[in-house]
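**Q** Next input, structure requested:
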Amino acid sequence: MSIKTQITDGIKTAMRAKDTATLSTLRNIKAKITEKEKLSGEVSEEEIQGMIEKYVKEREQAIDNAKQADREDLIPQEEAEIALLKPFLPEKMTEEETRAFVQKLVDEGKNNIGAIMKEAGPLGGKVDKKLLSQIAKELTA
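**A** The predicted structure is shown next:
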């Protein structure tokens, strides 16, 4: 079942259950997908995952901002949205897997961060780019 179909089914389920938080989050994602479809036609699963990943990163940033502003009351809502969207994202590589991937590239002679990041491109959302960059800096230094 496609991600778009799962989101639509989730919206229907949330409407029946009168779960406004879930409904709002899924409608936001659905609106982003619809907007992208209007601009560029058909949207692939990878693009949808990218949109969801971006939305999750925005929520994580909102949590950081709430902590800095001492607004602990906003954090549970943001965490709930993240928990709701995580199942739509691919499984991330662990730190050990990422380290092994970078080490393999370094052993192959790719000793600069740009080359390592370029090689990680096809992995898409499976690798945490921030972690990858950090490990690449460690191993290429």
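
**Q** And the residue nearest the centre of the protein?
**A** Glu53 (2.1 Å; C-alpha atoms, centre = their mean).

**Q** shouldn't it be in contact with Leu89?
**A** Yes: under the criterion of C-beta atoms under 8 Å, Glu53 makes contact with Leu89 at 5.9 Å. C-beta coordinates here come from the backbone N, C-alpha and C atoms, glycine included.

**Q** shared neighbours, the two?
**A** Taking C-beta atoms under 8 Å, 6 or more residues apart in numbering as the criterion, Glu53 and Leu89 both touch Gly125.

**Q** what are the ranges of the helices in this structure?
**A** Listed in chain order, the helices of the chain (DSSP state H) span 3-17, 20-40, 45-68, 75-85, 95-107, 113-120, 129-140.

**Q** Need these in TSV (columns: mean pLDDT).
**A** As requested, the helices of the chain are arranged in TSV below (pLDDT from 0 to 100):
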stretch	mean pLDDT
helix 3-17	94
helix 20-40	93
helix 45-68	91
helix 75-85	93
helix 95-107	84
helix 113-120	80
helix 129-140	82
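
**Q** and Glu47, how many neighbours does it have?
**A** 15 (other C-beta atoms under 10 Å).

**Q** Please list all residues in contact with it.
**A** Lys36.
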